[in-house]
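Student: My questions concern the predicted model and sequence given below.
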Amino acid sequence: MGLDMYLDRHIYVGAQFEWRKCNIPRTIEVQDSFDDENPKISTIEVNPDRISYIVEQAIYWRKVNAIHKWFVDNVQNGVDEGGMYYVSYSQLGELLELCEWVLDNKDEAETALPTQAGFFFGSTEYNEWYFKDIEFTKNQLEELLNKSNAKDCSYYYTASW
């Protein structure tokens with residue numbers, strides 16, 4: 001149990017995409033449980049002609065409450081309810097710049113990118129783990145925003161605890 005955070009990337013493919021060339025299967029088998037000894041397998045039917053988006057989990061964080069607080073304050077209008085929120089490309093760029101600045105100005109981290117206490121939100125200390133999480137976020141955002149189609153995608157943030 002704890003703060004789990006996700007940034008998803010939605011890639012619109014719509015009607016212009018020729019799925020037949022991709023050999024998309026009409027059924028996909030997925031494991032519904034985490035029990036590897038007794039897995040529950042379900043078969044999902046897929047109609048390739050109706051696929052409009054591909055959704056990737058772009059970044060996953062665990063108990064990085066300072067980043068969660070940034071999303072709540074800058075994307076969610078201060079509402080921390082675990083919904084799914086649209087994040088613009090420019091907002092992700094702002095977060096990247098802030099992470100870079102905090103890593104260069106560690107003494108200012110508490111003011112620039114403060115932690116947030118919460119039920120199973122993890123540590124609120126400004127220690128090596130805090131800065132490793134900020135470095136991880138910076139690296140992941142750089143990789144994501146440098147993709148050739150990064151500006152053409154939609155991004156959504158959600159968290160649960």
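Tutor: Everything's here; your move. Residues are numbered from 1 along each chain as shown.

Student: what packs against the lowest-mean-pLDDT helix or strand in the chain?
Tutor: Comparing every helix and strand of the chain by mean pLDDT, DSSP states H and E singles out strand 27-31 as the least confident one, with a mean of 83. For strand 27-31, the packing partners by 3 or more C-beta pairs under 8 Å, 6 or more residues apart in numbering; DSSP states H and E come out as strand 41-45. (Glycine included, C-beta is placed from N, CA and C.)

Student: So which bits of the strand it packs on are buried?
Tutor: Residues of strand 41-45 classed as buried under the neighbour-count rule (16 or more other C-beta atoms under 10 Å) do not occur.

Student: Could you quantify the relative orientation of that strand and strand 27-31 as an angle?
Tutor: When axes from the mean of the first three to the mean of the last three C-alpha atoms, to 10 degrees is applied, the directions of strand 41-45 and strand 27-31 differ by 150 degrees.

Student: Next secondary structure after the host helix or strand of Trp61?
Tutor: For Trp61, the enclosing helix or strand under DSSP states H and E is strand 53-62. Beyond strand 53-62 in the direction of the C-terminus, DSSP H and E gives the next helix or strand as helix 65-74.

Student: which outside residues touch that following helix?
Tutor: 3, 5, 61, 78-80, 85, 87, 91, 94-95, 98, 109, 113-118, 121-122, 124, 130, 133-134, 137, 157, 159 (C-beta atoms under 8 Å, 6 or more residues apart in numbering).

Student: So what angle separates the directions of the strand holding Trp61 and helix 65-74?
Tutor: Using the same axes, to 10 degrees: strand 53-62 against helix 65-74 is 130 degrees.

Student: Now do the contacts for the closest residue to Asp4 other than its chain neighbours.
Tutor: The spatially closest residue to Asp4, leaving aside those adjacent along the chain, is Ser160, at 5.4 Å (C-beta to C-beta, 6 or more residues apart in numbering). By C-beta under 8 Å, 6+ apart, the residues touching Ser160 are 3-4, 82.

Student: Need phi/psi at Glu135.
Tutor: For Glu135, the backbone dihedrals (degrees, to the nearest 10) come out as phi -60, psi -40.

Student: Next one: the closest residue to Gly78 other than its chain neighbours from Phe121, what distance?
Tutor: Distance criterion C-beta to C-beta, 6+ apart; nearest residue to Gly78, sequence neighbours excluded, is Val72 at 6.4 Å. As defined by C-beta to C-beta, to the nearest Å, Val72 lies at a distance of 11 Å from Phe121.

Student: One more: Met5?
Tutor: The span separating Met5 from Phe121 equals 10 Å under the rule C-beta to C-beta.
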